[in-house]
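**Q** predicted model follows, preceded by the sequence.
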Amino acid sequence: MDKKQIIGTVKQELVDMLGLKESDIDTTKSFDKYGIDSAVGIGIISNLSDTFDLDLDPAELYDNPTVEALANHIHAMQQEAGA
Amino acid sequence: MATNQGANAEAIQFHYDTSNDFFSLWLDDGMFYSCARWLDGDETLSRAQFNKLAWYYDRMDLAAGSGLLDIGCGWGGALREAIARQPGIDHQGITLSKEQLQHCQSDAGGNLNAALLDWCDLPADKTYSNIISVEAFEAFAKPDLSKQQRIDAYRGFFETCHRVLAPGGKLGLQTIYLETARSTDTPEFLQKHIFPDSALPELSDVFSAIEGLFSLQDAENAAYDYYRTCRAWQKNMRRRKAEIVDRFGVELYDRFHTYIAMSLIGFHQKTAGLLRLMLTRV
């Protein structure tokens, strides 16, 4: 999956979890601006782990706090896993 | 005589009597349900758990003839390690969990001397050279206590330890504490569905409560160690998710997975810390 597709998947996860419209999501805006608390963040990371078949760390939401940053991180993990 | 102002047997059993088999699916082989001590990047969770015990036991004298009391002994791992270091050591574990007690007293658990007993009910006629208490302290005060009431509750615990320790005896204590968070920040989910009637101490509570009873020998904050421990547990849970869900249901899996992940985030974001203390009886 390329980076653009990963961004789309992460955005869709926010749409599903938060009930937002896709057009409301700015991929460079910090997750905390969307009111994501730790319980919701854990759900997002857990679902993304299943979707991408990766073992994402819940703390990665804080280390990569935007859609773009998280998508970059997932992309890098996929590259590493495929290497 | 001090009384326990925290979780009673029923509240402890709500969490720890979930099922020994359930915990065995994601804890390490020694069934340590507490923060490990990581010395490098490659060690196993099991190794890191023994590093934690070494931090305590290297600071105690476990020579033959000295006694060791474990308050909140869990599934007995700390006592088994003490016996491995000092065969024949006079030991006693106490817990409020029936499932943990059963394991401690079984062949698989090492046939340990263990009892279903609250710390406030420890007999006055028996003294020990050393006490270890790893992450039981979090259950010694209820969430609705004021700061002064919490300090008084913890002081009752330290007075009891002082009473059952021989002069110069050691108390090794490990507890989670509130770093930047305050007691009012604790998520309702944790208080209601994970650890009822339990509240984390603030650092100043602990040091206020030991005044005049114990002197500080050594201390460290190991929040990052707990982040790594939670991460290891979380990985184990995810790896065995299908088996856990099949045997224990998706509700239990989700509840514990969420709580471990919340804890992991707390240690990562430094809202909580992990205090290792070695105290000497004054």
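**A** Structure's in. What do you need?
**Q** and after the least confident helix or strand in chain A by mean pLDDT, which helix or strand comes next?
**A** Ranking every helix and strand in chain A by mean pLDDT, DSSP states H and E puts helix A:38-52 at the bottom, with a mean of 87. Per DSSP states H and E, helix A:38-52 leads on to helix A:60-63 as the next helix or strand towards the C-terminus.
**Q** backbone dihedrals for the residue lying closest to residue B:77 once chain neighbours are set aside, please?
**A** The shortest distance from residue B:77 to any non-neighbouring residue, by C-beta to C-beta, 6 or more residues apart in numbering or on different chains, is to residue B:30 (4.2 Å). Where C-beta positions appear, they are placed from N, C-alpha and C, glycine not excepted. In terms of degrees, to the nearest 10, the main-chain angles of residue B:30 are phi -80, psi 0.
**Q** number of residues surrounding residue B:30?
**A** 18 (other C-beta atoms under 10 Å in any protein chain shown).
**Q** so where's chain A uncertain?
**A** Residue ranges of chain A with pLDDT under 70: A:83.
**Q** could you give the average pLDDT over stretch B:199-206?
**A** The average pLDDT within stretch B:199-206 is 94.
**Q** pull the residues that contact it.
**A** The contact list for stretch B:199-206 (C-beta atoms under 8 Å, 6 or more residues apart in numbering or on different chains) reads B:6, B:137-138, B:141-143, B:145, B:147, B:150-151, B:154, B:175-179, B:182-183, B:186, B:191, B:272-273, B:275, B:277.
**Q** hmm, 7 Å instead?
**A** B:137-138, B:141-143, B:147, B:150-151, B:154, B:175-178, B:183, B:186, B:272, B:275 (C-beta atoms under 7 Å, 6 or more residues apart in numbering or on different chains).
**Q** are any of these buried, and which?
**A** Among these, the ones that count as buried by 16 or more other C-beta atoms under 10 Å in any protein chain shown are B:137-138, B:141-143, B:150-151, B:154, B:175-178, B:183, B:186, B:272, B:275.
**Q** and the pLDDT for residue B:143?
**A** 90.
**Q** you'd agree residue B:132 is in a helix?
**A** No - remark: residue B:132 does not belong to a helix; assigned using DSSP: H, G, I helix; E, B strand; the rest coil, it is strand.
**Q** that one and chain A, how far apart?
**A** Look at residue B:132 and chain A: by C-beta to the nearest C-beta, to the nearest Å, they are 30 Å apart.
**Q** wait, what's in contact with the nearest residue to that residue once chain neighbours are set aside?
**A** Nearest non-adjacent residue to residue B:132, counting by C-beta to C-beta, 6+ apart: residue B:172, 4.5 Å away. Residues counted as contacts of residue B:172 (C-beta under 7 Å, 6+ apart) are B:56, B:59-60, B:132, B:278.
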